[in-house]
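Enquirer: structure for the following, please:
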Amino acid sequence: MANKSLFSIGSALDHDTAWQFEEEKASSTAHEIKLPPKHFLVLKMEKRQGKPVSIVGPFFLEKEALTKLCSLVKKKLGSGGTCKEAWMEFQGECREKLKTILMAEEFRFKG
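Expert: Got it, this is the predicted structure:
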């Protein structure tokens, strides 16, 4: 009797439609660009390693415009921060200051 396996392990990823759908979905949302008045931002606060972190987003801007905005906000806040994908994170509890700075740049907020 020949060594025939009833089961095969693995899959051909280059022909798998689920992988292609996820790539198309991610790329379509990443290229959607909106003007600042069309944004509806959300402010959140998290604690990471016992320290507060203020989070704002999602932004629908080009990557360069988002990094410029992030550095401008960091200078005005006087604190450290970063932009990850469509969200900005800043050290400390600074949600109120963050809201006034971004509203001056014509961004809008939910609630």
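Enquirer: I'd like to know which helix or strand in this protein has the lowest mean pLDDT.
Expert: In the chain, no helix or strand scores lower on mean pLDDT, DSSP states H and E than helix 17-30, which sits at a mean of 48.
Enquirer: give the next helix or strand downstream of it.
Expert: Next in sequence after helix 17-30, counting helices and strands by DSSP states H and E, comes strand 40-48.
Enquirer: what's the nearest residue to the most centrally placed residue in the chain if we skip its chain neighbours?
Expert: For the chain, the residue lying nearest the average C-alpha position, counting by C-alpha atoms, centre = their mean, turns out to be Ala86 (2.6 Å). If you skip the residues right next to it in sequence, Ala86 has Pro58 as its closest partner in space, 3.9 Å away by C-beta to C-beta, 6 or more residues apart in numbering. Just so you know, the C-beta spots here come from the backbone N, C-alpha and C atoms, and that holds for glycine as well.
Enquirer: can you pull the contacts of the one you found?
Expert: Going by C-beta atoms under 8 Å, 6 or more residues apart in numbering, Pro58 touches Leu41, Val42, Ala86, Trp87.
Enquirer: picking that back up, gap between the residue nearest to the centre of the chain and Phe60?
Expert: In this structure, Ala86 and Phe60 are 7 Å apart, going by C-beta to C-beta, to the nearest Å.
Enquirer: please tell me how far Ala65 sits from Phe59.
Expert: On the measure of C-beta to C-beta, Ala65 and Phe59 end up 9 Å apart.
Enquirer: more crowded one of those two?
Expert: It is Phe59, of Ala65 and Phe59, that has more neighbours when counted by other C-beta atoms under 10 Å, with 22 against 12.
Enquirer: these two touch, right, that one and Val42?
Expert: No: with contacts defined as C-beta atoms under 8 Å, Phe59 does not count as touching Val42, sitting 10.7 Å away.
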